[in-house]
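Participant: A predicted structure for the sequence below; I have some questions about it.
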Amino acid sequence: MMNSRIPMVGSSLTVLLLMVQLSMAGTVIEQQVKDRDERPTQVILYFSGNQLRTDHPESGMATILDFKNDQIVLIDHRSKNYLSMKLSQWEKQTAIQLKKDNPAGQPKERVITVRGLGEIAMVNGYKTEKVQVLADGEVIEEHSMTKDIDMNEVDRIMEIGAQGLSTEARSQLKEGREIHRKLKPYGFSIRVTDYTTTTDRKGIDVLEVKKIERKELKPEVFQPPAGYQKITPPPAKK
């Protein structure tokens with residue numbers, strides 16, 4: 001049976017997976033995520049207009065978001081099934097699940113600061129500077145930031161995606177959006193190391209942008225594959 005929940009990662013990683021530059025012709029982003037045990041997984045993102053597709057080849061799952069038409073499509077390539085529902089409805093269900101997963105309530109609001117270290121390095125062909133993110137004075141993330149990529153469209157897609165969010169979801173993403181805003185002067189993040197839940201300075205997740213390609217994307221990219229069976233979404237839980 002298809003799992004209708006999209007995996008969530010650290011605050012800035014979540015924002016980075018969603019908020020990447022768009023172009024009229026289309027953009028394809030190839031990313032690699034490594035867990036603490038150095039196990040790599042691939043993530044491929046497709047952007048065009050107000051649509052976003054995220055593929056996870058190892059798990060056989062794909063997600064299509066259409067912000068303009070308020071639609072989300074969850075595809076399971078292993079079973080050749082897909083689920084289609086209103087994005088706003090899915091978001092409400094996700095917010096309910098987040099509340100169940102965290103019955104103690106929202107985490108304490110932290111003071112977020114960023115600092116550039118002046119360490120310059122080439123990462124996947126881009127000149128980057130290392131930048132740290134601190135919460136209440138403790139380093140929680142390190143970014144390799146570049147100004148070689150135009151960021152003008154990032155805020156547009158962030159706002160489109162946030163317009164329909166519930167109060168609960170906006171609260172969950174508040175810290176991630178603040179991190180994104182404070183990192184913006186440094187450019188675009190090519191590599192992120194997340195130290196959120198560790199004490200020994202070993203990143204629990206490392207997200208790295210391997211390739212950015214501008215190309216024409218056919219409408220079929222943002223549609224379920226032909227021959228796949230549509231399944232009925234589960235009833236909304238109160």
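Facilitator: It's in. The structure presented is a predicted model; accordingly, all values stated were derived computationally and were not measured. Numbering: from 1, shown residues only.
Participant: could you check the pLDDT of Met2?
Facilitator: As summarised for this prediction, Met2 has a pLDDT of 52.
Participant: where in this protein is pLDDT low?
Facilitator: Under the criterion of pLDDT under 70, the regions of the chain flagged as low confidence span 1-25, 98, 101-107, 151-173, 197-203, 234-238.
Participant: can you give me the helices for this protein?
Facilitator: Read by DSSP state H, the chain holds these helices, from start to end of the chain: 11-18, 87-101, 154-163, 167-183.
Participant: buried residues in the second one?
Facilitator: Going back to what we said before, that points to helix 87-101. Neighbour-count burial for helix 87-101 flags Leu87, Trp90, Glu91, Lys92, Gln93, Thr94, Ala95, Leu98 (criterion: 16 or more other C-beta atoms under 10 Å). For every residue, glycine as well, the C-beta is placed using N, CA and C.
Participant: export those residues as JSON lines, with columns for distance to Gly176.
Facilitator: JSON lines is the format used below for the buried residues of helix 87-101 (distance: C-beta to C-beta, whole Å):
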{"residue": "Leu87", "distance to Gly176": "18"}
{"residue": "Trp90", "distance to Gly176": "19"}
{"residue": "Glu91", "distance to Gly176": "15"}
{"residue": "Lys92", "distance to Gly176": "19"}
{"residue": "Gln93", "distance to Gly176": "20"}
{"residue": "Thr94", "distance to Gly176": "15"}
{"residue": "Ala95", "distance to Gly176": "15"}
{"residue": "Leu98", "distance to Gly176": "13"}
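Participant: from those, which two are the most distant?
Facilitator: Among the buried residues of helix 87-101, the pair separated by the greatest distance (C-beta to C-beta) is Leu87 and Leu98, at 15.9 Å.
Participant: how many residues are close by the closest residue to Leu83 other than its chain neighbours?
Facilitator: Closest residue to Leu83 in three dimensions, ignoring its sequence neighbours and counting by C-beta to C-beta, 6 or more residues apart in numbering: Leu74, at 4.6 Å. Using other C-beta atoms under 10 Å, Leu74 is surrounded by 22 other residues.
Participant: what's across from Leu74 in the sheet?
Facilitator: Counting by DSSP bridges, Leu74 forms beta bridges with Thr63, Leu83.
Participant: that one touches Leu87, doesn't it?
Facilitator: No: counting by C-beta atoms under 8 Å, Leu74 does not reach Leu87; the two are 11.0 Å apart.
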